[in-house]
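Trainee: Could you work out the structure for the sequence below:
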Amino acid sequence: MGSPLEGLSTLKNFQVRRCSSWDRTGGNFDARRVEAGETHVLADIRGAGIIKHIWITIACDDPMFRRNLVLRMFWDGEEHPSVEAPIGDFFGQGWGEKYNWISLPLAAAPMGGNALVSYFPMPFGDGARIEVENQSDFPVGALYYYVDYEEHASIPDTEGRFHAFWNRELTTPEGERENEWCLFGPEAKNLTDKNNYLFVEAEGRGHYVGVNHFVECPTPIWYGEGDDMFVIDGEPWPPRLHGTGTEDYFNTSWCPKEIYQHPYFGLARINENIGWLGRTHCYRFHIEDPIPFTKSLRASIEHGHANMLAVDLCSVAYWYQAEPHRPFPALRPREQRQNMPEIRLHEIHFWRDAWRKAMGGGALWGHETPQK
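Mentor: Next up is the predicted model:
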């Protein structure tokens, strides 16, 4: 792969077209209103082509509209969507929040991350449909969008179709307690990916190109001892791609806690509480190092070493593959997509009070050793 500017001067032999929300009356209300419960089709394209750019911004009184609006994409007249995710999570904004962030294929731009942008190429051979379903109780007062695409006579068979899958799990610790960093005894061993958090499980031929990973951690202990594991084509244990820790997979090191935004990887949002208590958005795109598979792929990551931690994990995994794809599990209903209650300083103070009581009322600092 050469420079992104390589080939820019080469004369093109395709036409470009756009689906957008422009005001067909010639006025200046260049948006669409989407009532609660309605679905709006952003693009319904015939023939063959490649979507090269998507821009969306939304005005809605629902503070959680980024989780409550669902984005879907269908290629070549398929029945099951190849992309299905809450719209905020797809573009890299977790927890229904808005914040600026930068990567090569995706971004959220000013003001305050309100502009959602994709540069993922999305080929199709016989039609494409992109839609947004409003699962909020509030209407979307204004949905603005561009979908820019190239028009082609045909698309080569070598072009995979773009896919994205949203997942969420409130994990439970393996064993009797959250024994991270061996605080409560010897470490457990894990020689399977059975209980890992799942990024994606795909069937067919394709290649994985990355993930947005949203971690909400209810403990100040580092959440990222979990290893990434990629089981390719049903291979036996151990998989050829077995990682050494969450921060290592995301190209960082030593329990990071600072914003860092590289075009391919980084931390777009960090927690603002003590230790690693709170919310962190990690991302990793395999632009230079895609992970190909010919029959299947199971990509997952431990939640703490040996799956020892209870954490709220959400993710959107991105990959290309030949159709047909394995249909996604049913998207969690809106009620199951909402955030966990925030752990505040008040809760930490209550924990200290409970510790004092457990120590017979004499504990002062909170580090006293329990009596045997």
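
Trainee: What residues sit buried inside stretch 215-222?
Mentor: The neighbour-count check on stretch 215-222 (16 or more other CB atoms under 10 Å) flags 215-219, 221-222 as buried. (C-beta placed from N, C-alpha, C; glycine too.)

Trainee: of all those, which comes closest to G361?
Mentor: T219 (25.0 Å; CB to CB).

Trainee: how about the buried residues of stretch 215-222 in CSV, adding pLDDT?
Mentor: Shown next, in CSV, are the buried residues of stretch 215-222 (pLDDT from 0 to 100):
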residue, pLDDT
V215, 98
E216, 97
C217, 96
P218, 94
T219, 91
I221, 92
W222, 94
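
Trainee: Next, format the residues you listed as TSV and append secondary structure.
Mentor: Shown next, in TSV, are those (DSSP: H, G, I helix; E, B strand; the rest coil):
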residue	secondary structure
V215	strand
E216	strand
C217	strand
P218	coil
T219	coil
I221	coil
W222	coil
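
Trainee: Closest one of those residues to P239?
Mentor: V215 (22.4 Å).

Trainee: Now for that closest one: which residues touch it?
Mentor: Counting by CB atoms under 8 Å, 6 or more residues apart in numbering, V215 touches 223-224, 279-282, 311-313.

Trainee: Mind checking which of the residues you listed land in strands?
Mentor: Counted as lying in strands by DSSP state E, out of the contacts of V215, are 279-282, 312-313.

Trainee: For G49, state which of those is nearest.
Mentor: Using CB to CB, the ones in strands among the contacts of V215 come closest to G49 at H281, 31.7 Å.

Trainee: If you tally nearby residues, what's the number for the closest one?
Mentor: Counted with other CB atoms under 10 Å, residues neighbouring H281 total 24.

Trainee: what do you get for the one 4 residues further on?
Mentor: The number of residues packed around F285, counting by other CB under 10 Å, is 22.

Trainee: Now do the residue lying closest to it once chain neighbours are set aside against Y144, distance only.
Mentor: Once flanking residues are discounted, F285 sits nearest to G210: 3.6 Å by CB to CB, 6 or more residues apart in numbering. Computed as CB to CB, to the nearest Å, the G210 to Y144 distance reads 26 Å.

Trainee: Counting neighbours around each, name which of those two comes out higher.
Mentor: Between G210 and Y144, G210 has the larger neighbour count (other CB under 10 Å), namely 26 against 18.

Trainee: That one touches S315, doesn't it?
Mentor: No - G210 is not in contact with S315 according to CB atoms under 8 Å; the separation is 10.4 Å.

Trainee: any idea how far D193 is from E203?
Mentor: 17 Å.

Trainee: Oh, that last question was meant for A107, not what I typed.
Mentor: Taking CB to CB as the measure, A107 falls 31 Å from D193.

Trainee: swap in T158?
Mentor: 30 Å.

Trainee: the more surrounded of the two?
Mentor: Neighbour totals were compared for T158 and D193, and D193 leads with 23 against 7 (other CB under 10 Å).

Trainee: Dump the buried residues of stretch 215-222 into a markdown table; add distance to E169 as well.
Mentor: Compiled in a markdown table, these are given as follows (distance: CB to CB, whole Å):
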| residue | distance to E169 |
| --- | --- |
| V215 | 11 |
| E216 | 11 |
| C217 | 14 |
| P218 | 14 |
| T219 | 16 |
| I221 | 19 |
| W222 | 19 |
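
Trainee: Closest one of the residues you listed to N251?
Mentor: Closest approach to N251 among the buried residues of stretch 215-222 (CB to CB): V215, at 15.8 Å.

Trainee: Could you give the number of residues near W355?
Mentor: Neighbour number of W355 under other CB under 10 Å is 15.

Trainee: and what of G362?
Mentor: 7.

Trainee: same question, the one 5 residues further on
Mentor: Look at H367: counted by other CB under 10 Å, it has 7 neighbours.

Trainee: quick one: pLDDT of it?
Mentor: In this model, H367 is scored at 79, pLDDT.

Trainee: in the sheet, who's paired with the residue nearest to L241 when sequence neighbours are not counted?
Mentor: What sits nearest to L241 in space, not counting adjacent residues and going by CB to CB, 6+ apart, is F230, at 3.9 Å. Per DSSP bridges, the residues bridged to F230 are L241, A299.

Trainee: tell me the contacts of F230?
Mentor: Counting by CB under 8 Å, 6+ apart, F230 touches 208, 239-242, 291, 297-299.

Trainee: And for G141?
Mentor: G141 touches 31, 33, 59-61, counting by CB under 8 Å, 6+ apart.

Trainee: go with 6 Å
Mentor: Counting by CB atoms under 6 Å, 6 or more residues apart in numbering, G141 makes contact with A59.

Trainee: try the one 3 residues further on
Mentor: Each residue near Y144 by CB under 6 Å, 6+ apart is listed here: 21, 31, 57.

Trainee: Could you report the separation of A31 from Y145?
Mentor: For A31, the distance to Y145 - CB to CB - is 9 Å.

Trainee: mean confidence for the lengthiest helix in the chain?
Mentor: Longest helix in the chain by number of residues (criterion: DSSP state H): helix 345-358. The pLDDT scores in helix 345-358 average 87.

Trainee: Go ahead and name everything in contact with that helix.
Mentor: The contact list for helix 345-358, computed with CB under 6 Å, 6+ apart, reads 363, 366.
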